[in-house]
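1. sequence-free structure coming up:
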Ligand code: HSE
């Protein structure tokens, strides 16, 4: 069987809505091989679809179709560490696993660019799928068919601390609450900050990140769907985070923290508990620069 490791991702990074994302050292594992039937199982207790509605299967079948082949069945074994519907790229991880797995089964007929394009078409936007495939921080523009992208590896020792609530927020719901139109002023507010984010992250001007993660396009609306979100932001800033933002469509809150801020995680846990916010867990990651990897 082919064994694949796929990283979690954190999209938007505040102002870069649907355009910026990065990969984290937090992984799902998928094993797959061709079969005459659909045989899907998992190594954990996470509930996953075990029929043709499974996203890994759908993505693999799409790739076969693009390559003019027919997929009769697939044996898939999933290990799901990335929590579902929490803004950490669990669906993208499935899409990317299916595409990379199927491409490998066929002898790698499609290029990396092809995979980035296909993944974005299946997901609808590239800011989780592209970093899941490529690793690092990815800037991507998607016109509905093709993605123009740049991957940059990040060698800072920044910690990305995910503050993950115990409830799910489906991306469709988190997108449905957004306004159809925004003002010119708000558009400028966001584009300047999105550009500032990657430039500041990559050059080490971390003091800019608090300004860079602010946005007017999605976070103010999504905060309404995430109880205590504002309080979690305040606590993270009190303990010295450089920047705090809603990861992807939420509900996870991500804090960017200096490696020298040694006890950030402990302080967060203590303060959250003290504030009665017991449903939030705190996990520390770094940036993954490798992206999806086929393991031996
Ligand atoms: N950019 C997407 C959003 C990421 O914010 O809706 C979630 O898939």
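-> Arrived safely. Keep in mind the model is a prediction, meaning the values are calculated, not measured.

2. tell me where the chain has helices.
-> Ranges of helices in the chain, per DSSP state H, are 55-66, 90-105, 112-123, 129-134, 171-176, 184-203, 209-212, 219-222, 229-238, 264-274.

3. what residues does the stretch 1-150 of the chain have near the ligand?
-> 11-12, 17-18, 125, 127-128 (Cβ under 6 Å from any ligand atom). Every C-beta, even on glycine, is put in place using the N, C-alpha and C of the backbone.

4. which members of the residues you listed are the farthest-apart pair?
-> Using Cβ to Cβ, the pair of these lying farthest apart is 17 and 128, separated by 12.2 Å.

5. give me the distance between the closest residue to residue 216 other than its chain neighbours and the ligand.
-> Nearest non-adjacent residue to residue 216, counting by Cβ to Cβ, 6 or more residues apart in numbering: residue 186, 4.0 Å away. Distance of residue 186 to the ligand, given as Cβ to the nearest ligand atom, to the nearest Å: 16 Å.

6. what residue ranges in the stretch 151-296 of the chain score low on pLDDT?
-> Within the stretch 151-296 of the chain, the segments meeting pLDDT under 70 span 296.

7. what parts of it come near the ligand?
-> With Cβ under 6 Å from any ligand atom as the criterion, the stretch 151-296 of the chain meets the ligand at residues 171, 174-175, 218, 248-249.

8. residue contacts, residue 285?
-> 8, 24-26, 159-162 (Cβ atoms under 8 Å, 6 or more residues apart in numbering).

9. do residue 265 as well
-> 161, 282, 284.

10. which one of these is nearest to the ligand?
-> Closest approach to the ligand among the contacts of residue 265 (Cβ to the nearest ligand atom): residue 161, at 19.3 Å.

11. partners of the closest residue in space to the closest one that isn't next to it in sequence in the sheet?
-> Closest residue to residue 161 apart from its sequence neighbours, by Cβ to Cβ, 6+ apart: residue 255 at 4.5 Å. Beta-bridge pairing of residue 255 under DSSP bridges involves residue 161, residue 244.
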